[in-house]
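Novice: Quick one: sequence plus predicted model below, questions after.
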Amino acid sequence: MERISLNNLKINKLIKLICIPLCITLLTGCGSDEFSENDLEFKDLARKSKLSGSTITLMASADWVTDAEMQLGTNFEAATGIQVVYDLYQDDVYLDTLFAKLDSDDPPDIFMTQSGLAIKNTYHLDEYSVDLSSEPWMEVYDTFSAAETSIDGRNYGMSYFDNTTDYYMIYNKELLSNAGVTEVPTTYDTFVTMCQNLADIDVIPIYEPMADGWHQTMLFAENGQFLEKSEPGTIEKLNDNTITFAEIESMKLALEQIQNLALSGYMGKNFATDTYDNAVGYLANGEYAMCMLRPGMIDSIISSEMNKGFDKEDFGIMLLPVCDNQILNVHPTGPSKYISNASQNIDAAKLYLQYIAAKDNIQYVIDNSNSVNNLPFDLGQVTSHDEVTLEFLDQFDNEESGMVLQDEVTYFNEQWGEISSDILKMCEGTMSPEDVLNQIDARRASLAQAANDPAW
């Protein structure tokens, strides 16, 4: 595998919603006649196809659609006359609501779900989705991403997330220096020592928002890439059902170490109610020293109104050394867009995907989303990776990089929310690491049996 392919991988800006469904309809305002050359092309395509005046609905978890993409939806409507309605839901209710709608008489035109192993094994998206293999943007669509949105050689989806970087520990260099930390920790023991040094100067080491029900699982899964490197063949054994998570000592140790960080107070007192949308502010005001974030979020920290004087040079990137992990996590999968094969507006939906995949629009999203440094298309766009990110990534080569658990292990990503709930209980001390692993195994067995997987 080429270096550029391995690091050409994963996810996005996340929004905390209070209500359950939030539906956003983007309107075009005054409807200026001044269109870019790109928009004029789509205006002509919509006119020739007689699509103007139609409405398409895009259903997603709210975390999966950037503000920049929604602005493109407004521009798309102004150019084509096709209205885009974004039907957005909280993470914890999204999938159940999605599949209820897909099985109803009123499915969304475009829907989103994670790409990867589950789209075939569990969700059977080839039964719900339009084959997009012949769409014009396929010529420039990243082959790594296409493999994750395809089933049996046919592509059914479009990944529209940055898969060149993943979530890493973003840390405040000044706070670490104030705590007497002179080197970035590369082992769990030195990481714990650093956390205690921070606590001694009244800085909470780790901002870990568990209330959203997704972030805490990354502490486990986004370090799981060390498993195959340290114990070759283990992933195959998991997928062949010849070993369970509960039998893997390193998986137990990883959870024990995460639990210890929480019970030792290194995640503060409020991790059960902390939310992701507050992470930027808490890192900006120096109350917390680090959080697992996308590298682009450093810009959001610097521009936060809560910033207590930190600049970009005050922040760095490191791996969370659970089980002494120093294997870079790479993640080619992510929330992706699919068109319902029961849609009454398939052509309009296809035109929307074609529109957001145009070079000018790809560049717009890169330029206007801190969480997006690039998108998985080869159009000669200018990426926004900064020197901090590039310096961090350049430390790793193929031998020091590996796929995260959810991209390699079957029937894992589908239970992300449930795992998050279990890890919260574990960090509160009401569940043991062994209990969490046993629950993962039990749910994997249930999902595999429902999929008629012969290994179970």
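Specialist: That came in fine, so what should we check first? Given the structure is predicted, the values throughout are model-derived calculations rather than measurements.
Novice: check contacts around residue 360.
Specialist: Neighbouring residues of residue 360 by Cβ atoms under 8 Å, 6 or more residues apart in numbering: 36, 38. For every residue, glycine as well, the C-beta is placed using N, CA and C.
Novice: Surely residue 254 touches residue 322?
Specialist: Yes. With contacts counted by Cβ atoms under 8 Å, residue 254 reaches residue 322, the gap being 5.0 Å.
Novice: list residues touching both of those two?
Specialist: Shared contacts of residue 254 and residue 322, defined by Cβ under 8 Å, 6+ apart, comprise 220, 223.
Novice: how about the longest helix anywhere in the chain: buried residues?
Specialist: For the chain, the longest helix by residue count, based on DSSP state H, is helix 433-450. Within helix 433-450, the residues scored as buried using 16 or more other Cβ atoms under 10 Å are 433, 436-441, 443-444, 447-448.
Novice: now stretch 149-164
Specialist: 149-151, 155-164.
Novice: Just the C-alpha atoms of it, please, in CSV.
Specialist: C-alpha atoms of stretch 149-164 as CSV (Å, rounded to 0.1, in the frame of the first residue of the first chain):
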residue,chain,number,x,y,z
THR,A,149,-18.9,2.4,-0.2
SER,A,150,-19.1,-0.5,-2.6
ILE,A,151,-20.8,-3.9,-2.4
ASP,A,152,-19.7,-6.8,-4.7
GLY,A,153,-18.0,-4.4,-7.1
ARG,A,154,-20.7,-1.8,-7.4
ASN,A,155,-20.5,1.6,-5.8
TYR,A,156,-23.6,2.7,-3.9
GLY,A,157,-22.3,5.7,-2.0
MET,A,158,-20.2,8.9,-1.8
SER,A,159,-18.0,9.5,1.1
TYR,A,160,-17.9,13.3,1.7
PHE,A,161,-15.7,13.4,4.8
ASP,A,162,-12.0,14.1,5.2
ASN,A,163,-10.3,10.7,5.3
THR,A,164,-6.7,12.1,5.3
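Novice: what distance separates that stretch from the middle of the whole chain?
Specialist: Taking Cα atoms, centre = their mean, to the nearest Å, one finds stretch 149-164 lying 14 Å from the centre of the chain it belongs to.
Novice: Looking at that stretch now, give me its mean pLDDT.
Specialist: The average of the pLDDT scores along stretch 149-164 is 95.
Novice: do stretch 191-199 as well
Specialist: Here the average pLDDT along stretch 191-199 is 98.
Novice: nearest residue to residue 431 other than its sequence neighbours?
Specialist: residue 425 (4.0 Å; Cβ to Cβ, 6 or more residues apart in numbering).
Novice: any idea how far residue 268 is from the one you found?
Specialist: If you measure residue 425 against residue 268 using Cβ to Cβ, to the nearest Å, the figure is 17 Å.
Novice: same question, residue 123
Specialist: For residue 123 relative to residue 268 (Cβ to Cβ), the value is 36 Å.
Novice: quick one, which of the two is more surrounded?
Specialist: Using other Cβ atoms under 10 Å, the more surrounded residue of residue 123 and residue 268 is residue 123, with 22 against 17.
Novice: secondary structure element for residue 60?
Specialist: Element membership of residue 60, judged by DSSP states H and E, is strand 55-61.
Novice: Pairing partners for that strand, with directions?
Specialist: strand 83-89 (parallel), strand 110-114 (parallel) (DSSP bridges).
Novice: right, and these - which one's nearest residue 223?
Specialist: Nearest to residue 223, of all these, is strand 110-114, at 18.9 Å by Cβ to Cβ.
Novice: Moving C-terminal from that closest one, which element do we reach first?
Specialist: Per DSSP H and E, the first helix or strand lying C-terminal to strand 110-114 is helix 118-121.
Novice: Tell me how far the very next helix or strand once past that following helix lies from the chain's centre.
Specialist: Later in the chain than helix 118-121, the nearest helix or strand by DSSP H and E is helix 143-148. Its chain's C-alpha centre and that of helix 143-148 lie 16 Å apart, by Cα atoms, centre = their mean.
Novice: what pairs with the next helix-or-strand element following helix 143-148, and is each one parallel or antiparallel?
Specialist: Proceeding N to C from helix 143-148, the next assigned helix or strand is strand 150-151, under DSSP H and E. Within its sheet, and counting by DSSP bridges, strand 150-151 is paired with strand 154-155 (antiparallel).
Novice: outside of the partner strand, which residues touch it?
Specialist: Contacts for strand 154-155 (Cβ under 8 Å, 6+ apart): 126, 131-133, 138, 141, 146, 149.
Novice: helices or strands next to the next helix-or-strand element following that strand in the packing?
Specialist: Per DSSP H and E, strand 154-155 leads on to strand 157-159 as the next helix or strand towards the C-terminus. Counting contacts by 3 or more Cβ pairs under 8 Å, 6 or more residues apart in numbering; DSSP states H and E, strand 157-159 packs against strand 335-339.
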